[in-house]
Structure formats: C-alpha cells, structure tokens
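Trainee: What follows is a predicted protein model with its sequence.
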Amino acid sequence: MSSNAPDVSVVIGAYQAMPYLIRCLESVEAQTLGAGRLEIIAVDDGSTDGTGEYLDAFAARTAIDTRVVHQENSGGPSGPRNTGLGLARGRYVFFLDADDYFGEEALERMVAMGDRAGTDVVLGKVVGVNRGAAKSMWKQTVERADIYFSQVKFTLSAQKLFRRELLVRLGMSFDEKLKTGEDALFTLEAYLRGNGVSVVADYTCYYLVGREDGKHVTKSGSYELRFDSARALTGLIAEHVPPGPKRDALMVRPFVITLLPQFGPGFLKQSAAVRKRKMELAAPLMAQYWTRGLAGSLKVQERLRLICVAKGRPDLLMDILRFVKEGREPELVRGERPARLWLAYPHFREGPELPESAYQVRVTEWRNGRRIDPPVAAASSLVHRFVRKARRVLRAVRPAPPARRA
C-alpha cells in the first residue's frame, strides 16, 4: 500500500438519492478525521433524479479526494458497492448509504479503535431517524466482541468499518445474485474470517434514515428472496463453524431474523398456495440446521412456531398465530423437582406433535409486562445476589489493620 493512501475509503452507492444525498456528503466533509485522510468513491447507479449531477458538482468543489462513477442501474446495492470496493485505496473501507449520514467524530473514533485493537471490523453505534434501529449491541464499547454469544451477530448491515487488507486477501465482494440480505452475508463472512470485531458504543457514529417516500431497499422484495438469504447465511455458518454450541448460537440470527418472520401473523392471511410454498422452502433448512441447542436458545413462541414448520404442520402453526394475534397471554405453569416453567400456548400437553419440552421457558420471557426468568437462571441470580451481600457484610465487619509502629 502506498504511503499516501488514505485511512478510509468511504464508498457511497447512490440511486435516486436526492435530497438525502446532500446531508450524507456534508457529514463526510464534517469528519474530524480530516479531508486528507479520506477519499470518497461515489457510484451513481443509473439515477434520473439529479443524483449523478450533484455528485459531479460535489467532487469538483470538495477538499476530499472524490471519484464519481456513473453506471447503468444494477438493480440493487451490491453492484455499486462492488464497484466502489474495487477502486478503494484506503486502509479501511466504510460503506455509507446515500440516505444516511455520519456523526462528526465517527470515522476518527472507529479508525482509532481498529488501530488500537488490531481488529478487522469496527461497529459504530447506530441510531434510527424516522425509523427503528437495533439497540442491544450498543450497551458498551468493547475492543474484541464475542461474535457467537454477544449481540453483534444481530447487526449485519454493511455500514461498518472494514479493514481493506482482509477484503482483498479473501477476495470478498457482495453477492450480486442475492437481492436481499447480501450485506448480512458479506458482514458475517468478515466476522467469521477476520481478526476480530470491535464495538464503539459511547458515541453515535451512524444515523440510519427512514425515507419519507418509503423506498428504503430493505422494505422491498418477495418472500422467496428472504429464503434465498436464509439459505446463504445458514450455509456460510455451516461452512465455517462446526456443529455445536457456537454454530447454534450463530444460527439464531438467520432463523429468528430472516426465517421466522415468514411464519408470523401475516401467514394467516396468505393463500393456501403461498403457505404451502413457504413450508416447502423452509423444510430443507429445518432438516439441516434445526437442533436442540438452537431450539433451547429461543423464546417459547419462537420455538413453537419453528417446530411447527419443522414438522410440516401449518395447522398447528396457525392455531398459535391466532392466539398471538388475538393478544392473548399464555398461562404460566410451574413444575417442581426439578423446578421448571412452561408457557401454555395452544396444544400444550395435548400430544406428541408439540411435546411439553417445546413450551418450557429456557430464556428470559415477558408476560403481562412482567419478566420471567428460567428457574436455573433465576436460582443462579439469587446465588450471585447472596454472595454479593455476604461480601458486603464481611467488608463491614472486617477488623481494621494494626497501626504501624513509628
């Protein structure tokens, strides 16, 4: 890499991005990292709303080294991202969506984290503007996150700082055949094959904007595309992680975020043909990757729905979905020796198709606004509280050390 290479290549794929593009570019210019340490590679993906012209005008006046590429519409975000990645020269690459914008210190803080920790992917805190955004992974700043058992697996969008050497060495690019979930596949591969993931949680690095016209890319696409994404993600995990607790922990992400919504309340309104097709598409995924470990990581309602799918029983699934849609709360059933809790959704203790174990509380649940912990976790928490209290008492009664002799 040449000595005058920038620290960060900001890759912006832009399609029909006006007027959001204006603030997006202003946020890059405002970076405290400094214009001399940045480059922008902006790819106009066949826009007809003035996006391309605005990019050209911006490139002509900005102090940041900026290259604009105009290309025919590729039909998705992967094409322009790959074009930009191929032209990038920076030590790091950040994929910035043209609708969104940075916090002023974002790149400075993320580069500092990547350099300090030596990690290949850095996550900066994201907040939503006119839309929701994931929150569970921003509780604390960490130099090296556990990709299996922490919450970072639930943020797989492309808006991360990636070390370019990793991407080049592995020949990584976005899968242009995938029309949804392509960023999740790319990011998860970097998590799995890179040298660690860092989290910057004490500063808002990225503002995720919901467009008023509702044309955000994640809102489009048929259900068939979601199954394509689920197949790609589960296949990637299986390729790089052997069977066991770590694989099960990662599989939670595609099963809960990608697959499970296809069997939500909307399933009730769909035609019999669509319901049948969804069950057919899910069947091989359930046969290959559904395990007891994965099932035990889910909430009862999630587990029950997927068990119905695994067994090919849309009738049982629809009974559970109707119960949920009506806003009903399951009865909490307690057992002793050993202590157990069940949530009595439909068909509880009615037969072998949905065994009693499927209804058992294994992770924290909420019912009628009250938290429900599985008995083992609750007992463990009680022990920890007792130990902490005992330590405080011991410190309070501990005799003072003897006075030193003059």
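Mentor: Looks like it arrived, so ask away.
Trainee: Quickly list the domain ranges of this protein.
Mentor: 8-219, 223-381 (automatic domain parsing).
Trainee: so what's the residue nearest to G75 when sequence neighbours are not counted up against?
Mentor: Once flanking residues are discounted, G75 sits nearest to K179: 7.5 Å by Cβ to Cβ, 6 or more residues apart in numbering. Just so you know, the C-beta spots here come from the backbone N, C-alpha and C atoms, and that holds for glycine as well. With contact taken as Cβ atoms under 8 Å, 6 or more residues apart in numbering, K179 is in contact with 75-76, 221, 225, 228.
Trainee: So the residue most central in space within the chain versus V121, what's the distance?
Mentor: Centroid-nearest residue in the chain: T155, 2.1 Å away (criterion: Cα atoms, centre = their mean). Taking Cβ to Cβ, to the nearest Å as the measure, T155 falls 11 Å from V121.
Trainee: Can you list the buried residues in the helix or strand harbouring L167?
Mentor: Of the helices and strands defined by DSSP states H and E, L167 is found in helix 164-170. By neighbour count on 16 or more other Cβ atoms under 10 Å, the buried set for helix 164-170 is 164, 166-167.
Trainee: quick check, nearest of these to V197?
Mentor: Taking Cβ to Cβ as the measure, V197 sits nearest to L166 out of the buried residues of helix 164-170, at 11.4 Å.
Trainee: correct me, but the closest one touches R193?
Mentor: Yes - if you go by Cβ atoms under 8 Å, L166 and R193 touch, sitting 7.5 Å apart.
Trainee: quick revisit: out of the domains of the chain, deepest packed?
Mentor: domain 8-219 (a mean of 19; mean count of other Cβ atoms under 10 Å).
Trainee: in the stretch 201-350 of the chain, which spans are strands?
Mentor: For the stretch 201-350 of the chain, applying DSSP state E, counting those that start in this stretch gives strands covering 331-335, 340-344.
Trainee: Now do the closest residue to D248 other than its chain neighbours against T234, distance only.
Mentor: In this structure, D248 finds its nearest non-sequential neighbour in G293, 3.7 Å apart by Cβ to Cβ, 6+ apart. Remark: distance between G293 and T234 (Cβ to Cβ) = 14 Å.
Trainee: Any regions of the stretch 151-300 of the chain where pLDDT drops low?
Mentor: 214-221 (pLDDT under 70).
Trainee: Sketch out the helices for this structure, chain order is fine.
Mentor: In the chain, the helices defined using DSSP state H lie at 20-29, 51-61, 78-87, 106-117, 164-170, 182-193, 223-240, 245-253, 272-289, 292-296, 300-310, 314-325, 375-397.
Trainee: Rebuild those as a markdown table, extending it with distance to C205.
Mentor: Formatted as a markdown table, those follow (distance: least, Cβ to Cβ, whole Å):
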| stretch | distance to C205 |
| --- | --- |
| helix 20-29 | 11 |
| helix 51-61 | 22 |
| helix 78-87 | 19 |
| helix 106-117 | 4 |
| helix 164-170 | 19 |
| helix 182-193 | 15 |
| helix 223-240 | 25 |
| helix 245-253 | 22 |
| helix 272-289 | 33 |
| helix 292-296 | 32 |
| helix 300-310 | 30 |
| helix 314-325 | 36 |
| helix 375-397 | 33 |
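Trainee: Out of the ones you listed, flag the one nearest V209.
Mentor: Among the helices of the chain, helix 20-29 sits nearest to V209 (Cβ to Cβ), with 6.2 Å.
Trainee: now for the closest one, which elements pack on it?
Mentor: Packing partners of helix 20-29 (3 or more Cβ pairs under 8 Å, 6 or more residues apart in numbering; DSSP states H and E): strand 8-14, strand 38-45, helix 51-61, strand 101-102.
Trainee: how far off helix 20-29 does the first one point, in degrees?
Mentor: Using axes from the mean of the first three to the mean of the last three Cα atoms, to 10 degrees, one finds that strand 8-14 and helix 20-29 are set 180 degrees apart in direction.
Trainee: Can you give the distance from strand 8-14 to the centre of its chain?
Mentor: Its chain's average C-alpha position is 21 Å from that of strand 8-14, according to Cα atoms, centre = their mean, to the nearest Å.
Trainee: of all the helices of the chain, which lies closest to A35?
Mentor: Comparing the helices of the chain by Cβ to Cβ, helix 20-29 comes nearest, at 7.3 Å.
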